[in-house]
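In: Quick one, what's the 3D model for this:
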Amino acid sequence: MDPHKADLFDEMHACSLADPEVFWGEAAEHITWYKRWSKVLDASNAPFYRWFADGELNTCYNALDRHVEAGRGAQPAIIYDSPVTQTVQTITYADLLDQVAYFAGALHARGVEKGDRVLLYLPMIPQSVVAMLACTRLGAVHSVVFGGFAPHELATRIDDAKPKVIVSASCGIEPNRIVKYKPMLDAAIEQSAHKPDCVIVYQRPQERAPLVEGRDVDWNEAVAMAKPAHCVPVKATDPLYILYTSGTTGQPKGVVRDNGGHAVALRWTMTNVYNVKPGEVYWAASDVGWVVGHSYIVYGPLLTGCTTVLFEGKPVGTPDPGTFWRVIEQHKVATLFTAPTAFRAIKREDPEASHLRNYDLSHFRALFLAGERSDPDTLRWAEDNLKVPVLDHWWQTETGWAIAGNPLGVHLFPIKYGSATRPMPGWDVRVLDSELKEVSRGDIGALCVKLPLPPGSLPTLWNADERFKRSYLQEYPGYYQTGDAGFIDGDGYVHVMARTDDIINVAGHRLSTGAMEEVLSSHRDVAECAVIGVADGLKGQLPLGFLCLKIGITRAHEEIVKEVVQLVRERIGPVADFKRAVVVNRLPKTRSGKILRGTMQKIADGQEYKTPATIDDPDVLPEIRMALRSVGYAKDAEAFKEN
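Out: Residues are numbered from 1 along each chain as shown. As a prediction, the model looks like this:
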């Protein structure tokens, strides 16, 4: 460990907070601007802070055109690796620029202009990246919806974003089945109040979809008729994309990402956090439907001039637990970023890492994990077998990049298992109590970030400024409320311990239990319900439902549970991984009527708990414990304190 580099990082972090004009102004020099900014941070309308407010740029130009103009058009931009279709395809920067320009022309021919929204409902195929960048080229705002979402969830996003055009594929492909996207999209459009002018459909050979006459257009036909579009300059503060994240009310929140601050921050992270250089191969094993896919499959690597891997498959089963090692060897991946869930799955299937011995990973430098808290056992397993740094880092859909991490490009700090390491530049992380006071080092409290948030984080929610303030800024004035609880230790390391709201983390996917409860309560036999996240060794958390039935219901409980499980699958989608529910006579509540979900979760997970002082009837907790035991939880609960 080089203490001088540790001091350098401390200086960088201090400068970013004390003089953001200097720190982020220097970082912005790595981006090409049509018009340079006159002021780095505009705080005139706080808490709506704006970065590089009067600057103008185009994110697509920075991701593609400038690399081609610099003579690097022959370098691979994307390696599409799809074990589910037995396909490996390399797309150079010049080829990708050509495809993006023509698809942007196809969108423009259908009326898409600067500021219009385009909703993308696509699987992990190159056309997803092409469509995102084509929107960016025109100054249009893309909103990617994960392909696993069911019609109801898709319809809510259509109504909120009001897209002029929707772009979809005929299907997605899982290891053992084809997922037909078009029928789900048609159903969502039928449900939504807003109707798009046009739907562009990429027909995959595995499943061709019927097109609606007068509305739907074949992707290839649209491109064949198009003229290539040029980059449209946009303001740094203009929206780049909307990405919906779960809201506690069940109504999704449209996180907005700007163009200027986003480009500056992501370009900075590729060098300083991930230690990746232009021309190197970087792989984020995520999905373009999630924030990791936006930041580190598409924008971060391409802004930097890296080669990015677009992977359509699973860590195990496509075909075996050696899939990740095969991809790393075959494509000379330098750095991998994925969720701990993926490595838990690999470890479960191949605990001795025998598949790893079949591959040469001598060029592989680092593994980054995020999405949920990395458990020490999995992290150590990865360290022992890969022989490279394995680095946890903490961030959210709202932040767009790491709040805390280990800045490999500046200095590798000693790893502490269970910690995301240090706050990154621009992030002033504090731990607060309920009275808005900072707690002592090592004490647990609410993890908050002192405003302003750095470039690349959300400036607001789509068409919902008041909801933005209410959701993130109201409870701790002057701070961004992360919704996570944890502590900062004596060395300044951040330890994220748990969520403070009802968002659960299933295999890195943040999902709202409130949205699931809305589905359960719609069942004809259900009078009241609750959903909690229970600990799972593979996926971090899994949802578990509690059902209170209406008086007089005599049907078999097993049939009702089966029906509500199917209902969640239909309305939210398989991504929710909702598979279990238990029927109970009543739910534990406070005297004011609030359901004690946190206590229920502790009982389920076998954690120590105390009977809340505000509980209406303490006798309900043993009933909950017995119900949980009937489905395999709360095994050790009798050993814990209840008062």
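
In: going forward, measure contacts between C-alpha atoms and count neighbours the same way
Out: Fine.

In: low-scoring stretches of the stretch 501-643 of the chain, by residue?
Out: Applying pLDDT under 70 to the stretch 501-643 of the chain picks out residues 501-504, 510, 512, 590-594, 613-614, 636-643.

In: Please enumerate the helices of it.
Out: For the stretch 501-643 of the chain, helices defined by DSSP state H, counting those that start in this stretch occupy the ranges 513-521, 557-571, 597-604, 620-629.

In: what's the closest of these to K164?
Out: Closest to K164 of these, according to C-alpha to C-alpha: helix 557-571, at 24.0 Å.

In: Could you list the buried residues of that closest one?
Out: By neighbour count on 16 or more other C-alpha atoms under 10 Å, the buried set for helix 557-571 is 560-561, 564-565, 567-571.

In: Quick one: closest of the helices of the stretch 501-643 of the chain to G317.
Out: That would be helix 557-571 among those, by C-alpha to C-alpha, at 22.5 Å.

In: I'd like to know which elements that closest one is packed against.
Out: If you count contacts as 3 or more C-alpha pairs under 8 Å, 6 or more residues apart in numbering; DSSP states H and E, helix 557-571 packs onto helix 151-161, helix 513-521, strand 580-583.

In: Let's have these in CSV, adding mean neighbour count and distance to V276.
Out: Below are those laid out as CSV (neighbours: other C-alpha atoms under 10 Å; distance: least, C-alpha to C-alpha, whole Å):
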stretch, mean neighbour count, distance to V276
helix 151-161, 22, 34
helix 513-521, 22, 37
strand 580-583, 19, 42
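
In: now those in JSON lines, with distance to R208?
Out: What follows is the helices and strands packed on helix 557-571, written out as JSON lines (distance: least, C-alpha to C-alpha, whole Å):
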{"stretch": "helix 151-161", "distance to R208": "19"}
{"stretch": "helix 513-521", "distance to R208": "31"}
{"stretch": "strand 580-583", "distance to R208": "34"}
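
In: With respect to T397, which of these lies nearest?
Out: helix 151-161 (16.0 Å).

In: Helix or strand next in line after the closest one, which one?
Out: Reading on from helix 151-161 to the C-terminus, the next helix or strand found by DSSP states H and E is strand 165-169.

In: Next, the angle helix 151-161 makes with that following strand.
Out: Here strand 165-169 points in a direction 150 degrees away from that of helix 151-161 (axes from the mean of the first three to the mean of the last three C-alpha atoms, to 10 degrees).

In: Could you spell out the sheet neighbours of the helix or strand that strand 165-169 is followed by, each with its direction?
Out: Once strand 165-169 ends, the next helix or strand along the chain (criterion: DSSP H and E) is strand 171-174. Here strand 171-174 has these sheet partners by DSSP bridges: strand 177-180 (antiparallel).

In: Pull out the buried residues from the strand it pairs with.
Out: In strand 177-180, counting by 16+ other C-alpha under 10 Å, buried: 179-180.

In: picking that back up, T304 is nearest to which of the helices of the stretch 501-643 of the chain?
Out: Nearest of the helices of the stretch 501-643 of the chain (C-alpha to C-alpha): helix 513-521, 37.4 Å.

In: Pull the distance from that closest one to the chain's centre.
Out: Centroid separation for helix 513-521 versus its chain: 21 Å, with C-alpha atoms, centre = their mean, to the nearest Å.

In: OK, contacts around V199?
Out: 165-168, 215-217 (C-alpha atoms under 8 Å, 6 or more residues apart in numbering).

In: Redo those as a markdown table? Include neighbour count and distance to D287.
Out: Formatted as a markdown table, the contacts of V199 follow (neighbours: other C-alpha atoms under 10 Å; distance: C-alpha to C-alpha, whole Å):
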| residue | neighbour count | distance to D287 |
| --- | --- | --- |
| V165 | 24 | 22 |
| I166 | 26 | 19 |
| V167 | 25 | 17 |
| S168 | 26 | 15 |
| R215 | 12 | 28 |
| D216 | 17 | 25 |
| V217 | 17 | 25 |
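
In: Which one of those residues is nearest to A63?
Out: Of the contacts of V199, the one sitting nearest to A63 (C-alpha to C-alpha) turns out to be V167, at 21.2 Å.

In: Quick check, that closest one in contact with P123.
Out: No: using C-alpha atoms under 8 Å, V167 makes no contact with P123, being 11.1 Å away.

In: List the contacts of stretch 109-124.
Out: 128, 131-132, 135, 138-147, 158, 161-169, 171-173, 181, 198, 226, 232, 239, 287-288, 310-312.

In: Let me know the helix or strand that V223 is in.
Out: helix 219-224.

In: Against which helices or strands is that helix packed?
Out: Using 3+ C-alpha pairs under 8 Å, 6+ apart: helix 219-224 touches helix 93-109, strand 198-202.

In: So which bits of that helix are buried?
Out: 219, 222-223.

In: How many neighbouring residues does the residue nearest to T136 when sequence neighbours are not counted have?
Out: In space, and not counting its chain neighbours, T136 is closest to C60: 5.6 Å by C-alpha to C-alpha, 6 or more residues apart in numbering. Under the neighbour criterion other C-alpha atoms under 10 Å, C60 is assigned a count of 27.

In: let's have the chain start at 47 instead
Out: That works, and once the first residue is 47, the last one we named lands at C106.

In: so who does C106 touch?
Out: C106 sits in contact with 179-180, 182-183, 277, where contact means C-alpha under 8 Å, 6+ apart.

In: Model confidence score at it, please.
Out: C106 is assigned a predicted lDDT (pLDDT) of 99.

In: Which secondary structure elements does whatever helix or strand A309 lives in sit against?
Out: Assessed by DSSP H and E, A309 sits inside helix 306-318. With contacts defined as 3+ C-alpha pairs under 8 Å, 6+ apart, helix 306-318 has these neighbours: helix 66-73, helix 346-350.

In: got the angle for that helix vs helix 66-73?
Out: 70 degrees.

In: what does the helix or strand just after helix 306-318 contact?
Out: Moving toward the C-terminus from helix 306-318, the next helix or strand (DSSP H and E) is strand 327-330. Contacts to strand 327-330, defined as C-alpha under 8 Å, 6+ apart, come from residues 322, 338-339, 342-343, 347, 352-356, 377-384.

In: Show me what the mean pLDDT comes to for strand 327-330.
Out: Mean predicted confidence for strand 327-330 is 98.

In: What's the first helix or strand after that strand?
Out: Downstream of strand 327-330 (by DSSP H and E), the next one is helix 337-339.

In: which element follows the helix holding V269 toward the C-terminus?
Out: strand 280-281.

In: Neighbouring strands of that following strand in the sheet, and parallel or not?
Out: Partners of strand 280-281 in its sheet, by DSSP bridges: strand 102-103 (antiparallel).

In: Give me the domain ranges for the chain.
Out: 49-359+439-527, 549-685 (automatic domain parsing).

In: wouldn't F69 be in contact with S62 here?
Out: Yes: with contact defined as C-alpha under 8 Å, F69 reaches S62; the gap is 5.2 Å.

In: How about the contacts made by L413?
Out: Counting by C-alpha under 8 Å, 6+ apart, L413 touches 381-384, 434-437.

In: Is it correct that it falls within a strand?
Out: Yes: assessed with DSSP: H, G, I helix; E, B strand; the rest coil, L413 lies in a strand.

In: Report the beta-bridge partners for it.
Out: Applying DSSP bridges, one finds that L413 bridges with L382, V436.

In: From H240, how far off is it?
Out: Distance of L413 to H240, computed by C-alpha to C-alpha, to the nearest Å: 43 Å.

In: Equivalent analysis for P229, please.
Out: 18 Å.

In: what does A196 give?
Out: 17 Å.

In: ok, now T528?
Out: 32 Å.

In: Just want to know which of these two has more residues nearby.
Out: T528 (22 against 18).

In: Need the three-state assignment for that one.
Out: T528 - assigned by three-state DSSP - is strand.
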